[in-house]
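Q: Sharing a model that was predicted from the sequence below.
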Amino acid sequence: MSFFSEPAGLILVPLLLPILTAVLIQLVGRFADLRDGLHTAMAAITFASVMRLWPHVRAGDAVEFTVIDLFPGVPLAFSVEPLGMLFAMVASGLWILTSIYAFGYMRGHHEKNQTRFFTCFAAAISGALGVAFSANLMSLFVFYEMLTLSTYPLVTHHQDAKAKRSGRIYLGILLSTSVCFLLAGIVWTFSITGTLDFTTGGILADHVGEGGALEGNKLALLLALFAFGTGKAALMPFHRWLPNAMVAPTPVSALLHAVAVVKAGVFTVLKIVVYIFGIDLLSSTGANDWLMAVAGATLLISSVIALTLDNLKARLAYSTISQLAYIVLGAAMATKAGIIGSATHIAMHAMGKITLFFCAGAIYVGAHKTLVSELDGLAKKMPWTMAAFTVGSISIIGLPPMGGAWGKFFLGLGAVQAEAPIYLGLLMVSSLLSIGYLMPIVGRAYFRKPDPHDEGHVHEAPLLCVVPLCITAVGCLVLFVLGDGIYQLVLPVVGGAL
Amino acid sequence: MNQPDASSPESLLPALLHHLPIIQVLLPMMGAPLIVLFGRRMAWALSCLLAGGSLAVALGLLSLASGGAPLQYELGGWTAPIGIVYTVDMLSGLMLTIVSAVGAVVMVYARKSVQLEIPAERHHYFYAMLLLCMAGLMGICITGDAFNVFVFLEISSLSSYALIAMGRSPRALVASYRYLVMGTVGGTFVLLGIGMLYMMTGTLNIADLAARVPSVADKTTIRAAFAFMTVGSLVKLALFPLHFWLPNAYTFAPSVVSAFLSATATKVSFYVLLRVIFTIFGASLLVQTLQMHNLLLLLALVAIVMGSLVAVFQHNVKRLLAYSSLAQIGYFVLGLALHNEAALTGSLIHLFNHALMKGGLFMVVGCMIYRVGGCRLEDLTGIGRRMPLTTLAFVVGGVGMIGVPLTAGFVSKWYLVLGALQAGLWWVAAIVLFASLLAVIYIWRVVEVAYFRPPPVDTPDEAPLALLIPTWVMIGASVVFGIWTGPMLHIASQAAQSLLGGLQ
């Protein structure tokens, strides 16, 4: 039993459980009920094993484990810190609900190749948890790429021409950015510092300034390699993979392309800013100014694009791009409140956006509708789904009493701390835009007359779809109350009070 | 009295260990005629035994050599520089391991594939030739005598011409003939260079040459010898623009031969190039006097980009892999041209890693040919459903070629990029990274055909285990050595340090 309570066990068990799940799913694939039940049970066990790390993180204990040296000085190693803990809790917690939802959705929709689907799904979760717990850039890169490759079969699940084209864009953008920019940044960092460990306060401070390896604009260039190299953060102009990934079945869009994959991206940016550059270094050199501008532009442009789209999932995808840009913006501010805002927003946006995607999937299963313009009067037929959709929308917009309010609050505070009030204004404008692209959907569903042709064959989605989305909607409310808990969790990252 | 009594068991082991270097070459070389004369029926079993034995010997030599000083063995007791010596240092130990390990795995794999692709009455010739080729390649790596290098070069070349010509397509004969012409030119260049060296220094022993060349280094004859030997080995290596023989040779050769040659022959040619440039003439001639490393750098980069680009447009998977090999040869030479420790380590470790990956990929294609009869993209539609395990092996090997972390390909790429940055050549690093995206494209063309097109018949039809197991051994090893990097890195960086010793 001692293995399980040592650091090795504490860290490896959550990482290996999803892999074990993938193997078990392959083995029992032909018994659909057993397979799906197993998937949910294993998701719950994985979440429980992640939560075993909670007391250690709250107490500030170092939980570290090194697997093997990949190169001299560059081990495959794990270390649990508050940001990673938060991301791991979000990813593994929502995996449970998504597995139940997927159970209902995949059957309600008679999808093929469900065994392969659930296998890759579990592998992707392992990749996301690996990203969360990585102790250095190399380990993070390993799991980042594992996440890319394991989600490719999910994006191309339908194996038709459309899936193939989207798969090309997905893999093309994510692999090319990570290989050309992220890896280049990692090798460059290593050749300067000789280490890749995530270190409080960053590892680059000694190499900046006159005569250093990173003098002048080179620091900003390195930041650019990392920010654009993390294609999963969907910073413009490398965002197109995300709308294309929406050809995947909805549970994938919900968990992976609203939570695990995209959050792995912004988490990577956040982690690099905090533990490789260090927020003091960035704010003192001004190397972050351009990134704030790019993130600001991304969040504005993608909100405007979302306004114009009629396809529900595509509109949500552009909304995600915009919300991811919030998180990158918070990191780029390089202020205490900005970092806390980013971390908080990872959790808040995850809960809100997964609710909206669950609803989009439920609408597809229950009413076979994909366009916003078809949703007139749907609330009568699908009351639970549309109620949850309303709650999720309010959270995304960032209004109390939903969790999303906290993320926006801290981000706004960060903009003030960074003495860049223009970004505070930008956040407000973006909130208005998100009202513009989300609320008309709610309005149509509640206040317009339904299409008479729909009589009879539109009904609420299966129970297994509806229950998870109600739970996440309640989750949006609960997170508003738990805002302080998240704040206390990530406060040590920025070294104490604001 | 002091003579050890060979019949007593306790003295047998030291005697055996002492003679290991010659056993390394003799095992396969003597095996070949035995198989032709007596071993028709059990040609395969005997070949496997001999190849396995060679692998054991090579591992033994590698562990002996890693103790410190290089192993010296005097043939027939004649001391150097008059007699021929065999020398095993880290680098040659690494090369012997690559050749014999690939040889052993490929030999196990050969039985089924050879049954399909080669007429039964020629099987024993085939195995004999394969063993001879192995012997030649290992001889090149182990010998400490320049003329001996040429002799083994010809043994391996002649046997590989014969092996390629045994391909099923009539075009195999033409491909083999082209290789013969180019290979002979290359071999002759090497011989001319050795002749000039002998003329100027009066010795053929490599260590002796290394000691005597500096005193006459400014003579034109030495420069000419350098040029002949470098170009000669570049022809055998198939570096752009001397590569025209390679794609057809690999495409039309029997699957086993493509796998074996792609994994070993070019690597050994690169070994010859390393010995010529670093050991015999010394890196300072290349770098400081002639400054030709810039030319090699340019050719390497062109090879990397052109090879990958042309691979993208191929319809025959074997030819696609052959062009990918041209690009990989560029990576080897790139590490040499950058001449710093990180880059050369990357180059050397890539010799090993690429042998695993490319050998494994050619073996995968052999499995596919065994079931569907061809390896053009239109033959492979939906093969992911018909042969799931085989296709998965292709994906894993292909991901390694791209250089995804935790595969062997990533280790080599990391060191090459690091070396380029340490040399201050960030644009070289950028090209290397960009070229791995081209690898994504050519690998994924196959993956898309395999998984996104409907198969002609939708029944599982996996390759026989006799093919599948050796294939997965190679592909699996490429993942294992991507994670467990320690031992190979140690060997490669030691070898790189000793090669670069003359430069500091």
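A: Ah, there it is.

Q: Find the closest residue to chain B in the stretch 251-400 of chain A.
A: Closest to chain B within the stretch 251-400 of chain A is A:Thr268: 14.2 Å, counting by Cβ to the nearest Cβ. The way it works is simple: take the backbone N, C-alpha and C, and place the C-beta from them, glycine included.

Q: next structured bit after the helix or strand in which that residue is found?
A: In this structure, A:Thr268 sits in helix A:261-272 according to DSSP states H and E. The helix or strand immediately downstream of helix A:261-272 is helix A:279-285, counting by DSSP H and E.

Q: How about residues contacting that next one?
A: By Cβ atoms under 8 Å, 6 or more residues apart in numbering or on different chains, the residues outside helix A:279-285 that reach it are A:201-202, A:204-205, A:208, A:219, A:223, A:273, A:287-288, A:332, A:334-336, A:339, A:418, A:494.

Q: centre of the chain versus it, how much separation?
A: Between the centre of helix A:279-285 and the centre of its chain there are 26 Å (Cα atoms, centre = their mean, to the nearest Å).

Q: buried set for that helix?
A: Neighbour-count burial for helix A:279-285, counted by 16 or more other Cβ atoms under 10 Å in any protein chain shown, picks out A:279, A:281-283, A:285.

Q: In chain A, where is pLDDT below threshold?
A: Applying pLDDT under 70 to chain A flags the ranges A:1-2, A:454-456.

Q: Assumed A:Ile68 was part of a helix.
A: No - A:Ile68 is assigned strand when assessed by DSSP: H, G, I helix; E, B strand; the rest coil, not a helix.

Q: residues near it, how many?
A: 11 (other Cβ atoms under 10 Å in any protein chain shown).

Q: so where does the closest residue to it other than its chain neighbours fall, helix or strand?
A: Nearest residue to A:Ile68 in three dimensions, chain neighbours excluded: A:Leu76, at 5.4 Å (Cβ to Cβ, 6 or more residues apart in numbering or on different chains). Here A:Leu76, judged by DSSP H and E, is contained in strand A:74-80.

Q: so what does that strand touch, helix or strand wise?
A: helix A:7-27, strand A:63-71, helix A:114-133, helix A:137-155 (3 or more Cβ pairs under 8 Å, 6 or more residues apart in numbering or on different chains; DSSP states H and E).

Q: Now render those as JSON lines, adding distance to B:Phe189.
A: As requested, those are exported to JSON lines (distance: least, Cβ to Cβ, whole Å):
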{"stretch": "helix A:7-27", "distance to B:Phe189": "53"}
{"stretch": "strand A:63-71", "distance to B:Phe189": "38"}
{"stretch": "helix A:114-133", "distance to B:Phe189": "51"}
{"stretch": "helix A:137-155", "distance to B:Phe189": "43"}
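
Q: Out of the ones you listed, flag the one nearest B:Leu26.
A: Closest to B:Leu26 of the helices and strands packed on strand A:74-80 is strand A:63-71 (Cβ to Cβ; 38.4 Å).

Q: can you tell me the helix or strand for B:Thr188?
A: Per DSSP H and E: helix B:171-201 holds B:Thr188.

Q: tell me which residues in that helix are buried?
A: B:172, B:175-176, B:178-180, B:182-183, B:185-187, B:189-197, B:200-201.

Q: just stretch B:214-234 next, same as before
A: Buried residues in stretch B:214-234 (16+ other Cβ under 10 Å): B:217, B:222-223, B:225-234.

Q: near chain A, which residues of chain B?
A: B:399, B:402-406, B:411, B:414, B:417-418, B:421-422, B:429-430, B:433-434, B:436-437, B:440, B:444, B:448, B:451-452, B:483-486, B:489 (Cβ under 8 Å from any Cβ of the partner chain).

Q: Please tell me I have it right and A:Thr472 contacts A:Gly392.
A: Yes - with contacts counted by Cβ atoms under 8 Å, A:Thr472 reaches A:Gly392, the gap being 7.4 Å.

Q: before we move on, back to that, ok, the buried residues of helix A:279-285 vs A:Gln26, which is closest?
A: A:Ile279 (44.1 Å).

Q: From A:Arg240, how far off is that closest one?
A: Note on A:Ile279: its distance to A:Arg240, by Cβ to Cβ, to the nearest Å, is 30 Å.

Q: what do you get for B:Ile443?
A: In terms of Cβ to Cβ, B:Ile443 sits 22 Å off from A:Arg240.

Q: neighbour-wise, which of the two wins?
A: Using other Cβ under 10 Å as the criterion, B:Ile443 and A:Arg240 rank with B:Ile443 on top: 24 against 17.

Q: Can you tell me how far B:Val305 is from B:Phe240?
A: Counting by Cβ to Cβ, the gap from B:Val305 to B:Phe240 is 9 Å.

Q: Which strands and helices lie in contact with the helix holding A:Thr268?
A: helix A:82-108, helix A:114-133, helix A:137-155, helix A:218-229, helix A:312-333, helix A:336-367.

Q: Let's have these in CSV, adding mean neighbour count and distance to A:Glu64.
A: Shown next, in CSV, are the helices and strands packed on helix A:261-272 (neighbours: other Cβ atoms under 10 Å in any protein chain shown; distance: least, Cβ to Cβ, whole Å):
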stretch, mean neighbour count, distance to A:Glu64
helix A:82-108, 24, 12
helix A:114-133, 25, 10
helix A:137-155, 24, 12
helix A:218-229, 21, 23
helix A:312-333, 28, 24
helix A:336-367, 27, 21
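
Q: of these, which approaches A:Leu489 most closely?
A: Short answer: helix A:82-108, nearest of the helices and strands packed on helix A:261-272 by Cβ to Cβ, at 5.1 Å.

Q: helices and strands around the closest one, which ones?
A: Using 3+ Cβ pairs under 8 Å, 6+ apart, helix A:82-108 sits against helix A:32-51, helix A:54-59, helix A:114-133, helix A:250-255, helix A:261-272, helix A:336-367, helix A:463-481, helix A:483-490.
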